[in-house]
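# Give me coordinates for this.
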Amino acid sequence: MKIATFNVNSLRKRLPIVLDWLAQQKPDVLCLQETKVQDSEFPLLALAPSGYHITFRGMKSYNGVAILSRKQPEAVFHGFDDGGESEDARLLRVILDGIPIVNTYVPQGFEIDSPKYQYKLGWYERLRKYFEKHLSPGKPAIWCGDMNVAPRPMDVHSPEKHLKHVCYHEDARKAYERTLAWGFQDVFVKLYPDRQQYTFWDYRAPSSLEANKGWRIDHILATAPLLEKCTRVDVDIEPRRAKDPSDHTFLWAEFSV
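Okay, the predicted model is just below:
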């Protein structure tokens, strides 16, 4: 099984990039974040030639998640079910071949002293409880998406300059680590513990890609039964060089299942 994740930063704007990548790489599953399109305007017809089954939940102008899969999901779940804000457009879970796949677009947090940052930290606490309720660390499961956290110093350029950034602040990293501790492990780190590889380069800084001033904030994580079956994982930088790209690019992994 080949699974990929990509913060598309407006699906309608990046349709050529997504369709080209699907045709060339042929993943079994592609998880998208920040689709920025409400459900009534989702580009189903434009994506139809890809042949993928498409599950989505979106909002106008921002947020939005989707999962494209070769097989039709056996079940689909949107958002949290804990009585709080559901966050349908940030959390999507499907079951494929009996394997739960969770796609998240975690809130960015805005600024450290903002209520949005506290909401982000709480979001991770809710997500851990969501895993406890719906998944088992002893059974196969995958969690992927834009986590808006660079876990280690090597996962962000000039880490000493970003100690108060909402995607690298100590509290954000700890919240992310506590959620992983439920039973998920980073497949990229498992296969390449010493490799520095980013998935995001801010296009507000035009030379960020060429200078490799990036962040590794997009992740694919697996429970132990699947982690041992992960055979390949990589980041495809070429779509970041395409015309009118997202500031993120594709991260993909293969599992021998």
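
# What residues sit buried inside stretch 191-202?
197, 198, 199, 200, 201 (16 or more other Cβ atoms under 10 Å). To be clear about C-beta, it is placed using only N, CA and C from the backbone, and glycine gets the same treatment.

# If you could redo that for stretch 221-239, that was the one I meant.
Neighbour-count burial for stretch 221-239 flags 221, 222, 223, 226, 227, 230, 233, 234, 235, 236, 237, 239 (criterion: 16+ other Cβ under 10 Å).

# what about the residue nearest the centre of the chain, is that helix, strand or coil?
Closest residue to the average C-alpha location of the chain: residue 145 at 0.9 Å, with Cα atoms, centre = their mean. Of the three states, residue 145 takes strand under DSSP: H, G, I helix; E, B strand; the rest coil.

# how near is it to residue 92?
Per Cβ to Cβ, to the nearest Å, residue 145 is found 9 Å from residue 92.

# Now for those two: what residues contact both?
31, 65, 102, 103, 104 (Cβ atoms under 8 Å, 6 or more residues apart in numbering).

# pretty sure the fourth one is in a strand, no?
This means residue 103. Yes. Counting by three-state DSSP, residue 103 is found in a strand.

# Quick one: the strands in the stretch 151-257 of the chain, in order.
185-186, 218-222, 230-236, 250-255 (DSSP state E, counting those that start in this stretch).

# Tabulate the ones you listed (a markdown table), appending mean pLDDT and distance to residue 136.
Listed next are the strands of the stretch 151-257 of the chain as a markdown table, based on pLDDT from 0 to 100; distance: least, Cβ to Cβ, whole Å:
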| stretch | mean pLDDT | distance to residue 136 |
| --- | --- | --- |
| strand 185-186 | 98 | 15 |
| strand 218-222 | 99 | 13 |
| strand 230-236 | 98 | 18 |
| strand 250-255 | 98 | 17 |
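
# For stretch 143-161, which residues meet the burial criterion?
Neighbour count says stretch 143-161 has 143, 144, 145, 146, 147, 148, 149, 150, 151, 155, 156, 157 buried, by 16+ other Cβ under 10 Å.

# That concludes my questions; thank you for your assistance.
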